[in-house]
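Asks: Pasted the sequence and its predicted model underneath.
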Amino acid sequence: MTIVTEVFTGGIRGGTSILYAALGESVSERAGVVNLGTEGSMLAGALAGYAVAAETGHPWLGAFAGAVAGGLLALVHAYMVLSRGANQLASGLVVLFLGLGLTSLFGVTYVQAVAPTFSPVAIPGLSAIPFIGPVFFEQDPLVYLSYALVPLLSWFLFRSRWGVLLRASGERSEVLVAHGHRVRPIQYAAVVGGGMLAGLGGVHLSTAYTKAWFENMAVGRGFVAVAVVMFASRRPIRVAGGAYLFGAALALSPALQARGFGINQFALDAVPYVVTLVVLIVFGRRQLRDVPEGLSKVFDAQPTR
């Protein structure tokens, strides 16, 4: 396998956990709620998914449990923001640290545990296509599920009636009220659904990518997911590209090391985050016009007199 093929293959594999989280954050932000606690939902999903898989012997049960755990943690954020009027940014950070603390406390038992995991499955015929086959079609089932989720979510947001209602709740909530719709239940559903997707991202991280559980294993991926959503303008296809770009940056380090390149390990570890910052600098400002009005109110709030 050439280094290019290895980096692209690793980009898909390593970017999938970020993709799930970023898709979930896209849904939440389309409804006008930013969730900096995305990484907390990822950690909750990673632990719940690995623990349930270890206890039951079924990784798909673990995937379901991870999604539920991520959604429950996002529900805390939704309650604080939508029902109690808390600051979205502060609440998200609190939820992040809550997730980190809870998973550190209850995850000790599973640090050395062995659980059934998701392994790569080659798709007959498609996996034989030069370059494209190894990159896209020799992946694990959660990766294949994400392939279907991207266009499905894009259709939901921009082509379905429910997607219009969800986007309107973040853009023009007063219009929904005027037409007899309740805004808060839609926003609750968006935030919790986004947390469930972030939980699936954590499941992929623990049961398919690392195939282990350890404390704070997300190591900033939740924040990267939020950054990806910003420069991808909350559009699922662009989000996928951003997630895979970060995954490729992650895959670059082991690919170079395996070929004996004498590059400082710490510098290589910083590459994915530097790439994220560069992309934000280049694309961030030009995407400001696409920010839903509900989020503009969060970031541009003026002090009361």
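Replies: Good, I have the coordinates. Residues are numbered from 1 along each chain as shown.

Asks: how about Phe214, phi and psi?
Replies: With angles defined as degrees, to the nearest 10, Phe214 sits at phi -150, psi 160.

Asks: Skipping adjacent residues, who's closest to Ala69 in space?
Replies: Ala48 (3.6 Å; C-beta to C-beta, 6 or more residues apart in numbering). (Glycine included, C-beta is placed from N, CA and C.)

Asks: How about Val175?
Replies: Val175's closest residue in space is Ala168 (C-beta to C-beta, 6+ apart), at 5.9 Å.

Asks: Same question for Ser173.
Replies: Val183 (4.6 Å).

Asks: ok, the one you found - contacts?
Replies: Val183 makes contact with 169, 173, 176-177 under the criterion C-beta atoms under 8 Å, 6 or more residues apart in numbering.

Asks: same deal with Ala232?
Replies: Listed by C-beta under 8 Å, 6+ apart, the contact set of Ala232 reads 22, 26, 238-239, 241-242, 287.

Asks: what's the helix or strand encompassing Val274 in contact with?
Replies: Element membership of Val274 [criterion: DSSP states H and E] is helix 265-283. Helix 265-283 has contacts (C-beta under 8 Å, 6+ apart) with 220, 224, 227-228, 230-231, 242, 245-246, 249-250, 252-253, 256-257.

Asks: all strands for the protein, in order.
Replies: Using DSSP state E, the strands of the chain run over residues 121-122, 138-139.

Asks: can the ones you listed go into JSON lines with extra columns for mean pLDDT and mean neighbour count?
Replies: Formatted as JSON lines, the strands of the chain follow (pLDDT from 0 to 100; neighbours: other C-beta atoms under 10 Å):
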{"stretch": "strand 121-122", "mean pLDDT": "95", "mean neighbour count": "14"}
{"stretch": "strand 138-139", "mean pLDDT": "96", "mean neighbour count": "21"}
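
Asks: Can you show me the helices along the stretch 101-250 of the chain?
Replies: Remark: helices assigned in the stretch 101-250 of the chain by DSSP state H, counting those that start in this stretch are 132-136, 141-159, 161-171, 173-178, 183-204, 221-231, 236-258.

Asks: Nearest to Gln88 among those would be which one?
Replies: Each of the helices of the stretch 101-250 of the chain has some distance to Gln88 by C-beta to C-beta; the shortest is helix 183-204, at 10.1 Å.
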